[in-house]
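J.: build me a structure from this.
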Amino acid sequence: MFNSFGSRMPDHAVRPASRNKAHVLVIEDSRSLSSILCHRFENELGYQVTHCATVKSFEAAIASDVFDIAVVDLNLPDSYDGQVLDQVVALNVPAVVFTADFNRDMRERLLERGVADYLIKDNERAIDMVVESIDRILSNRNVGVLVVDDVASARAMLVDLLRVQKFQVYDAETGAQALTLLADNPHIELVITDYHMPDMNGYELTRRIRRQHHSDRLRIIGISSSSDRLLSASFLKAGANDFVYRPYVVEELQCRIQHNIETLSQLRQLRYAAFSDYLTGLRNRRYFFDEGPAQVASIRARGEPCSIAMLDIDHFKKLNDGYGHEVGDRVLKAVAGRLSVMLDGTGHMLARLGGEEFSVLLLGLDASAAAAFCESLREDIAQMRVALDDSELGVTVSIGVAEIAEHESFSNYLNAADQLLYMAKGLGRNRVYSENMLVSG
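T.: Modelled structure (predicted):
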C-alpha cells in the first residue's frame, strides 16, 4: 500500500537524477534490516546508499550530501517521537516510512506530514515492498501527469498529492488548456479530469483526448464529487480507464494512479519486445517496416531529402561455418553495437532485418551525403576487432545506398538499396555503392 498527501513542495526540491544514479538515505537502527536494504538498493538497482542508525549520524550525513529519497524508521535510539521524519520532510526529500508501530492515528499524522509512502515491518514481503516503493517513486520523476479541474482548491489537492510522489505535474482549469498542455508536453502519460468545467465537461474532454491519444499511450482517470452513480460508467464509455468519487481515500486514489502508470510501463515493455531484435537489441524488421513509411512520408512532405542503406557483413556465412555460431553471434552484436554508437543522436533509423543484414533510414540526406555518411560507417567497422579466445577477428561490411526521390512503396526503396548492395559485393566487398556511382559509371 502506498499513499501521499501534504503541503505543496517546489519542483526543484529534489535534484534531478537518473534512477540508477540516485542517492538513497536509509535511516534504520536494525542492523539486519538496514544491511538487506542497502545491499538490495546497491546491487539490484544500482543506487548509491548512505546508512544512518541514529539522528546524530543522520545530521552529519545531510550536512555533507544531498539525497533523492529516504527510508525512515520512526524510532531510533536517540529519537523516539519521529523527529527525524520531520527533518527529512523539511529537506523536501521524499520519505518512505518503514515502521513496526502503526494505527489509524499514526496514519493521519503521516499523511499530514506529507510522506510519500508508509510500510509496516510486520509483513513477510516488507523488504520487497520498500524496495519496490523506492524504485517506483524515483521512476515517477520521468512521468508527466495532467490535472484538470476548474475548482482551484480541488485541483491544488490533487497536484500536492502527485508532487509528493514526485511526478512531473501540470494543471489546467479548462478543457482547452488541458488539450494545449497535452500537445506541448508529449511525455504526459496520465490525465486526471473532473466532470464539471466551464468550456466542456469531462466526457467531452475524454473523447477529444482519445481522438489523438490511444489508451496504450495515455491513461485517463475521471474524478467527481457528484452523487450520480452512473457518472463512472459514462466516463469509462467515453474512453477513461478509471474513475474515483470524491471524497476519496488518499491511498486508494494513489493506488489507482500507480496501477495505470504501471500498465503503461508493461505495455511499453511489450512493444519493445515486439519491435526489438532478440540478439542485438536493435529495432527489428517489423519495426522498420511499420515506422519507416511514416518517417519517409513526413520528411518528404517537408521537402527534405531521404535515403536508405542496406548493410551486409562480408563473408558472414564463411565466418559462421569456420568459427561457429557463437562467434557469429558475437560478431553480429559487435557490429550492431558499433552502428548504434555511430548513429546515436543522428535521428536516423537503424534496424537489423535478419541474418547479417542491417538497414539504415537516413533522414535529411541525399544520395551523395548518405554515401559519405555510410563510408564513415564502413571505415569505422573495418577498424573494429572482435575478441576471440586467443586472437582477434577483423570485420568488414558492404553497403548499398539509394535515395528516396519518388513516391513508391517502402519495399521498393529497400529493394533498390539491396540491388546496390549486391553491386558493392560484386566489386570486391568492403565498400559503399550508391546510385550516383551507377550513373557516373
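
J.: low-confidence ranges, this protein, go.
T.: For the chain, residues meeting the criterion pLDDT under 70 lie at 1-20, 439-441.

J.: spatially central residue in it, please.
T.: Of all residues in the chain, the one closest to the mean position by CA atoms, centre = their mean is Asn142, 7.1 Å from it.

J.: quick check, that one in a helix?
T.: No: with DSSP: H, G, I helix; E, B strand; the rest coil as the criterion, Asn142 is coil rather than part of a helix.

J.: ok, now how distant is it from Asn241?
T.: As for Asn142, its distance to Asn241 is 20 Å (criterion: CB to CB, to the nearest Å). Just so you know, the C-beta spots here come from the backbone N, C-alpha and C atoms, and that holds for glycine as well.

J.: what's the answer for Gly328, then?
T.: 45 Å.

J.: again, but for Gly281
T.: Counting by CB to CB, the gap from Gly281 to Asn241 is 31 Å.

J.: ok, Ser133 next?
T.: With distances taken as CB to CB, Ser133 is found 23 Å from Asn241.

J.: same deal with Asn140?
T.: Asn140 sits 18 Å away from Asn241, going by CB to CB.

J.: how about Phe289?
T.: Going from Phe289 to Asn241 by CB to CB gives 30 Å.

J.: ditto for His348
T.: Applying CB to CB to His348 and Asn241 gives a distance of 35 Å.

J.: right, and Asp171 touches Leu146 too?
T.: Yes: counting by CB atoms under 8 Å, Asp171 does reach Leu146; the two are 7.2 Å apart.

J.: of the two, who's got more company?
T.: Set Asp171 next to Leu146 and count neighbours by other CB atoms under 10 Å: Leu146 wins out with 25 against 19.

J.: tell me which residues in the helix or strand harbouring the more buried one are buried?
T.: Assigned by DSSP states H and E, Leu146 belongs to strand 144-148. Neighbour counts over strand 144-148 (16 or more other CB atoms under 10 Å) mark 144-148 as buried.

J.: would you map out the domains in the protein?
T.: Domains of the chain are assigned by automatic domain parsing as 11-139, 142-275, 285-440.

J.: for Leu264, list the residues it contacts.
T.: Neighbouring residues of Leu264 by CB atoms under 8 Å, 6 or more residues apart in numbering: 189-190, 216-219.

J.: let's go with 10 Å and repeat that
T.: Contact analysis of Leu264 by CB atoms under 10 Å, 6 or more residues apart in numbering lists 143, 189-190, 215-219, 241.

J.: Pro244 reaches Ser224, doesn't it?
T.: One correction, residue 244 is Val, not Pro. Yes: between Val244 and Ser224 there is a contact under CB atoms under 10 Å: 8.3 Å.

J.: overlap in contacts, the two.
T.: 232, 235.

J.: name the residues of the longest helix along the chain that come out as buried.
T.: As assigned by DSSP state H, the longest helix anywhere in the chain is helix 250-275. The neighbour-count check on helix 250-275 (16+ other CB under 10 Å) flags 250-251, 253-254, 256-258, 260-261, 264, 275 as buried.

J.: which element follows the helix or strand hosting Ala417 toward the C-terminus?
T.: Assigning secondary structure by DSSP H and E places Ala417 in helix 410-426. Downstream of helix 410-426, the next assigned helix or strand under DSSP H and E is strand 432-434.

J.: what strands line up against that following strand, and which way round?
T.: strand 397-403 (parallel) (DSSP bridges).

J.: the strand it pairs with versus helix 410-426: what angle between them?
T.: If you take axes from the mean of the first three to the mean of the last three CA atoms, to 10 degrees, strand 397-403 sits at 140 degrees to helix 410-426.

J.: distance from strand 397-403 to the middle of the chain?
T.: Using CA atoms, centre = their mean, to the nearest Å, the distance from the centre of strand 397-403 to the centre of the chain it belongs to is 33 Å.

J.: likewise for stretch 239-250?
T.: Here stretch 239-250 shows a centroid-to-chain-centroid distance of 25 Å under the convention CA atoms, centre = their mean.

J.: kindly report the same for stretch 48-68.
T.: Offset of stretch 48-68 from its chain centre (CA atoms, centre = their mean): 29 Å.

J.: surely Val26 meets Val49?
T.: Yes: the pair Val26 and Val49 passes the contact test of CB under 10 Å, sitting 6.1 Å apart.

J.: quick check: neighbours shared by these two?
T.: 34, 37-38, 41, 67, 71.

J.: just the ones of those residues in strands?
T.: Secondary structure from DSSP state E places Val71 of the shared contacts of Val26 and Val49 in strands.

J.: of the shared contacts of Val26 and Val49, which is the nearest to Gly426?
T.: Nearest to Gly426 out of the shared contacts of Val26 and Val49 is Phe41 (CB to CB; 57.0 Å).

J.: tell me which of Phe289 and Asn241 has more neighbours.
T.: Neighbour count, other CB under 10 Å: between Phe289 and Asn241, Asn241 has more, with 20 against 15.

J.: and the more buried one, what does it touch?
T.: Asn241 is in contact with 190-191, 206, 215, 218-222, 235, 256, 259-260, 263-264, counting by CB under 10 Å, 6+ apart.

J.: how far away is it from Arg219?
T.: According to CB to CB, Asn241 stands 5 Å off from Arg219.

J.: right, I'll leave it there.
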